[in-house]
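In: what would the 3D arrangement of this be:
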Amino acid sequence: MAVNLNFAHRPFRDSRPISITLISATAIGVALFTLNVRDYFHFRDSAAGARAEISRLNESAARTEDNAARVRSRISTAGLKELQTEGGALNSLIKEREFSWVLLLSRLEQALPGEVYVTSLAPAVGADGSATLSLSLVGKSESSIVKTLEAFAGDPHFHRPTPSSEADPEKGQPEGFQFHLTVRYVPREPS
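Out: Reported below is the predicted structural model:
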């Protein structure tokens, strides 16, 4: 039988490992808490700088958008009428450049009677490529104007020949019977 001799009022417990562990854990906890507090303040300061930068960029974007809106409105109202007028003038110049004089003169030669010749010709080219011709003509006889009107009426490229004036030859002037007319000329083939 074993004899247990313990004369202490209470039993002996060794709490040094627990105390060391508790003190170490507390020290580590305080160190980590201090690092977290330091990181929090650092993040808050950097976030405040980022918020200020974002606010500044938003204000700059708003100013730029306002400036762009003012420029767009100025562009849309300022020169629109002048641009339209200038564009119309340029389009008419392009149509006049595309107008074929050789084709017109060839068709006039085919349409006009042999006794009539042209003294002046002034085309007004339209947007569709057709033209209103203002012609000054000279014929050998009084019936030259009638023959010319019949010739234009029979040609599919000339429409609505309208005489505007007629003059008999003066005595001593060998030119003949002068007359002026306007006619619509369509260069494309009729459908």
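In: next, the distance between the ends of stretch 128-142.
Out: 36 Å (CA to CA, to the nearest Å).
In: just how off-centre is that stretch within its chain?
Out: 41 Å (CA atoms, centre = their mean, to the nearest Å).
In: just the buried residues of that stretch, please?
Out: Residues of stretch 128-142 classed as buried by neighbour count (16 or more other CB atoms under 10 Å): 130-131, 133, 135, 137-139. Where C-beta positions appear, they are placed from N, C-alpha and C, glycine not excepted.
In: out of those residues, which is nearest to Arg13?
Out: Nearest to Arg13 among those, counting by CB to CB, is Ser130 at 120.1 Å.
In: wait, that closest one sits on Phe158?
Out: No: counting by CB atoms under 8 Å, Ser130 does not reach Phe158; the two are 10.6 Å apart.
In: pull up the per-residue confidence for the most centrally placed residue in the chain.
Out: For the chain, the residue nearest the mean C-alpha position is Ser76 (11.4 Å; CA atoms, centre = their mean). Predicted confidence (pLDDT) for Ser76: 71.
In: that older thread, which neighbours do Ser130 and Phe158 share?
Out: Common contacts of Ser130 and Phe158, defined by CB atoms under 8 Å, 6 or more residues apart in numbering, comprise 184-186.
In: which of these are buried?
Out: 184-185.
In: in helices, which of the shared contacts of Ser130 and Phe158 appear?
Out: Per DSSP state H, helices hold no members of these.
In: ok, so of the shared contacts of Ser130 and Phe158, who is nearest Asp45?
Out: Once CB to CB is applied, the member of the shared contacts of Ser130 and Phe158 that ends up nearest Asp45 is Val186, at 81.7 Å.
In: which residues touch that closest one?
Out: Contacts of Val186 (CB under 8 Å, 6+ apart): 130, 157-159.
In: which one among these gets closest to Glu65?
Out: For the contacts of Val186, the nearest to Glu65 is Ser130 (48.8 Å; CB to CB).
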